[in-house]
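In: got a sequence here, can you build the structure:
(one chain, ligands or ions: 1)
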Amino acid sequence: MTGISAMSRFFSSKFKGLEPYTPGEQPKDTSYVKLNTNESPFPPLKAVTDAAASCRPLNLYSDPTCSDLIAKLAEVYKISPDRIIPSNGSDETLYFAFLAFCDSGHPAVFPDITYGFYPVFAQITNTPYTEIPLKEDMTIDINDYIGINKNIFIANPNAPTGICLTTGEIEQIVKSNPSNVVVIDEAYVDFGGESALPLVEKYDNLLVVRTFSKSRSLAGARLGFSFGSPGLINDLNTIRFSTNPYNINSMTLAAGIASLENEDYTIENCNTIIKNREYTTDKLRSLGFEILPSCANFIFAKHAGLDGGWLYAELKRRGVLVRHFTKERICQYNRITIGSMDQMNVLISELEDILKER
Ligand SMILES: *Cc1c(COP(=O)(O)O)cnc(C)c1O
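Out: All right, here's what the predicted structure looks like:
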């Protein structure tokens, strides 16, 4: 990462205080059991990689309207095409939502413990923001957001806790803030959460953000999609066509369509992850770990006898990569991606060894 010290004398002063998002490690050394960035352990289907590889013509620009992908999304999610916008990863739509709807007169609000990109997007768009502390048990108190009259960003399930709100709770938040946009980031919803998608046709201030990165095994292809009222989608398209109308490349468009033509594979993989999550949670609890109730493809775990930062480093030394956050409130935890059963068994046996040797 380019730190402050590497700044050139040309860097705009408006970005001087900007603290970039820190992505999880992506080591070139593939010998790690990689449980740190919530990717799928299952590769995309051959039909998906073939569709990307055979996509023609690459000498021409990709389709700026993304009409084939949107038509397929409309069919799969049973919603009209004018309520859908695809993106280069869902991070892009989150950024566009800050650009489109937030400014000094339209501040943002989100939990203190949530996706690390929200404060970065607030900073880069010069949006004043408030972080509302999660309750002691790491859940969101929806009363904090009822009628708050700010643009609201909530990851549901939340990250890195994995805890989810019900659609009824989301509806109360959306309904009580009719003059503000409520963005529900559903990156992990396919692993057992409840989607707010059914509310999209009822409320014009709701944007539901999804991604192909987690449940659809396409993190490297960079593809997201969002649902909202035609007005919100139009505004986001204004930003999109003012920045990069070819934001989704042709290979990724082809891969996304092929993925949507094979829903069974995605559903089967999600069910496997849920099963592996329950197995891993039980095992780790029996080793003395405290684990928050997760609806996602990761668990957030801490152990009274093991310092969080130390455990992260010790697991890494043993070839298992998990994610540790230094923020004080959560620094005793590690976020562990749920992978294949083989990966989970390596994790469990390393943790057993660590606890034995302690
Ligand atoms: C992974 C993740 C995303 C998005 O990622 P993309 O790869 O950009 O689609 C968005 N929100 C949360 C909370 C995530 O964890």
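
In: what's near enough to touch the residue nearest to residue 71 when sequence neighbours are not counted?
Out: In space, and not counting its chain neighbours, residue 71 is closest to residue 81: 6.3 Å by Cβ to Cβ, 6 or more residues apart in numbering. Using the backbone N, CA and C atoms, a C-beta is placed for each residue, glycine as well. Neighbouring residues of residue 81 by Cβ atoms under 8 Å, 6 or more residues apart in numbering: 67, 70, 71, 73, 74.

In: for the third one, helix, strand, or coil?
Out: Which is residue 71. helix (DSSP: H, G, I helix; E, B strand; the rest coil).

In: number of nearby residues for it?
Out: Residues near residue 71, counting by other Cβ atoms under 10 Å, number 14.

In: report pLDDT for it.
Out: Confidence at residue 71, expressed as pLDDT, is 98.

In: kindly report the same for the last one.
Out: As predicted, residue 74 sits at a pLDDT of 98.

In: so which strand or helix has it?
Out: helix 67-77 (DSSP states H and E).

In: just the pLDDT at residue 3, thanks.
Out: Residue 3 is assigned 50 on the pLDDT scale.

In: now do the strands in the stretch 251-358 of the chain.
Out: 289-291, 298-303, 320-321, 334-337 (DSSP state E, counting those that start in this stretch).

In: how far does the second one sit from the chain's center?
Out: What that stands for is strand 298-303. 17 Å (Cα atoms, centre = their mean, to the nearest Å).

In: I figured residue 314 hits residue 357, correct?
Out: No. Counting by Cβ atoms under 8 Å, residue 314 does not reach residue 357; the two are 9.5 Å apart.

In: quick one on the thing from earlier: can you tell me which of the contacts of residue 81 are buried?
Out: 70, 73, 74 (16 or more other Cβ atoms under 10 Å).

In: and which of these is nearest the ligand?
Out: For these, the residue nearest the ligand by Cβ to the nearest ligand atom is residue 73; the value is 14.4 Å.

In: list the residues that contact the closest residue to the closest one other than its chain neighbours.
Out: If the residues on either side of it in the chain are set aside, residue 73 comes closest to residue 84, at 5.2 Å by Cβ to Cβ, 6+ apart. When contacts are counted by Cβ under 8 Å, 6+ apart, residue 84 touches 70, 73, 74, 77, 225, 226, 227, 233.

In: okay, now residue 225: neighbour count?
Out: So residue 225, with other Cβ under 10 Å, has 23 neighbours.

In: please, which helix or strand holds it?
Out: Using DSSP H and E, residue 225 sits in strand 224-227.

In: what of residue 50?
Out: helix 46-53.

In: same for that helix, what does it pack against?
Out: Contact partners of helix 46-53 among helices and strands, from 3 or more Cβ pairs under 8 Å, 6 or more residues apart in numbering; DSSP states H and E: helix 250-260.

In: any residue of the helix it packs on touching the ligand?
Out: No. Using Cβ under 6 Å from any ligand atom, helix 250-260 never reaches the ligand; the gap is at least 11.5 Å.

In: dump the residue contacts of the closest residue to the ligand within the stretch 51-200 of the chain.
Out: Residue of the stretch 51-200 of the chain nearest the ligand, by Cβ to the nearest ligand atom: residue 89 (2.8 Å). Neighbour list for residue 89: 211, 213, 222, 223, 224 [criterion: Cβ under 8 Å, 6+ apart].

In: quick check: residues of the stretch 151-300 of the chain near the ligand?
Out: 155, 159, 185, 187, 211, 213, 219, 224.

In: give me the pLDDT for the fifth one.
Out: This means residue 211. 98.
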